[in-house]
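Peer 1: A structural model of the following input is requested.
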Amino acid sequence: MKPIIKVIIPAYNEQDAITKVINDIPKIVDEIIVISNNSTDNTEINAQNAGATVLKESRKGYGYACLKGIDYIEKQKIKPEIVVFLDGDYSDYPEQLTAIIAPIINDNIDFVVGARVKKLREKGSMTPQQIFGNWLATFLMKLLFRAKFTDLGPFRAIKYDKLLALNMQDKTYGWTVEMQLKALKQKLTYTEIFVKYRNRIGVSKVSGTIKGTIFAGIKILGWIFKYSFK
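Peer 2: This is a model prediction of the structure:
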């Protein structure tokens, strides 16, 4: 029997990208949930017109948007088996969703991260500070927790019940690393799938600014060191 699959897409002013993202998601997905994170452009109407469920989250922050999506699913009568997280800027290749969820369906893996390996990345799609930040975070996770992660990629899939058990808390930049750290702490089975990555449409709200980069770095390292002493 086909598992029920829901996709959560946080989006802040992604009017030029969101339709492309939604249209490229494989039809095996049961519901696409776009959380407009205080968007002031046509993100919401474009997402609705493309067939997505649109929620509004006025508090800015990637984690706030993701938590809104999880809360929405929790209130539904029929729960999914798998939840996929995907960015709304068209930097990921949504059609690779089938590869991301395959280890869960075929091998009963709990958690899958799409790893943006260099050979599959478009030139300039990740800034030098992003590349360094990913390397540092995954190096520390390997050192402190013997983790095998190589990336903090936002394109990821997880069993719904395991997602709830993580009790996710981060409201902003630390969402992805929090999920990976908690997966390690709770001894979830996990793997990575190499994914393609391209230059996003529009300007990044995190890596495109000095402030965003600094705060993201602080948040990521803060979560790692917090868990290293637990």
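
Peer 1: Count the residues that sit near residue 49.
Peer 2: Residue 49: 13 surrounding residues under other CB atoms under 10 Å. In short, each C-beta sits where N, CA and C put it, glycine included.

Peer 1: what are the phi and psi values for it?
Peer 2: phi -60, psi -30 (degrees, to the nearest 10).

Peer 1: nearest residue to it other than its sequence neighbours?
Peer 2: Distances taken as CB to CB, 6 or more residues apart in numbering place residue 19 nearest to residue 49, at 7.3 Å, with adjacent residues excluded.

Peer 1: what does residue 140 give?
Peer 2: Nearest residue to residue 140, sequence neighbours excluded (CB to CB, 6+ apart): residue 224, at 5.0 Å.

Peer 1: show me what contacts residue 87?
Peer 2: When contacts are counted by CB atoms under 8 Å, 6 or more residues apart in numbering, residue 87 touches 9-10, 21, 154-155, 200.

Peer 1: for residue 122, same thing?
Peer 2: Contact analysis of residue 122 by CB under 8 Å, 6+ apart lists 196-199.

Peer 1: Mind pulling the model confidence for the residue most central in space within the chain?
Peer 2: Note on the chain: the residue nearest the mean C-alpha position is residue 154, at 3.1 Å, using CA atoms, centre = their mean. For residue 154, the model assigns a pLDDT of 96.

Peer 1: for residue 226, same thing?
Peer 2: 77.

Peer 1: Just say helix, strand or coil for it.
Peer 2: Three-state call for residue 226 (DSSP: H, G, I helix; E, B strand; the rest coil): helix.

Peer 1: Could you tell me how many residues sit around it?
Peer 2: With other CB under 10 Å as criterion, residue 226 counts 12.

Peer 1: Kindly report the same for residue 123.
Peer 2: Applying other CB under 10 Å, I find that residue 123 has 7 neighbouring residues.

Peer 1: which residues in this structure form helices?
Peer 2: Using DSSP state H, the helices of the chain run over 18-24, 43-49, 62-74, 97-107, 128-145, 160-166, 175-185, 210-228.

Peer 1: Now do residue 126 against residue 46, distance only.
Peer 2: Look at residue 126 and residue 46: by CB to CB, to the nearest Å, they are 26 Å apart.

Peer 1: just to revisit the earlier point, now do the residue nearest to the residue nearest to the centre of the chain when sequence neighbours are not counted against residue 93, distance only.
Peer 2: Nearest residue to residue 154, sequence neighbours excluded (CB to CB, 6+ apart): residue 87, at 4.9 Å. In this view, residue 87 and residue 93 are 11 Å apart by CB to CB.

Peer 1: next one: residue 14
Peer 2: To residue 93, residue 14 is 16 Å away according to CB to CB.

Peer 1: May I have the beta-bridge partners of the closest residue to residue 183 other than its chain neighbours?
Peer 2: Closest residue to residue 183 apart from its sequence neighbours, by CB to CB, 6+ apart: residue 111 at 5.0 Å. Per DSSP bridges, residues listed as beta-bridge partners of residue 111: residue 158, residue 190.

Peer 1: What ranges in this protein fall below the confidence cut-off?
Peer 2: Counting by pLDDT under 70, the chain has low-confidence residues at 204-216, 228-230.

Peer 1: could you redo the last one with a cut-off of 80?
Peer 2: For the chain, the stretches flagged by pLDDT under 80 are 202-223, 225-230.

Peer 1: list the contacts for the closest residue to residue 50 other than its chain neighbours?
Peer 2: Spatially, and ignoring its direct neighbours in sequence, residue 50 is nearest to residue 22 (4.0 Å; CB to CB, 6+ apart). Counting by CB under 8 Å, 6+ apart, residue 22 makes contact with 9, 32, 34, 47, 50-52, 94.

Peer 1: All set, thanks.
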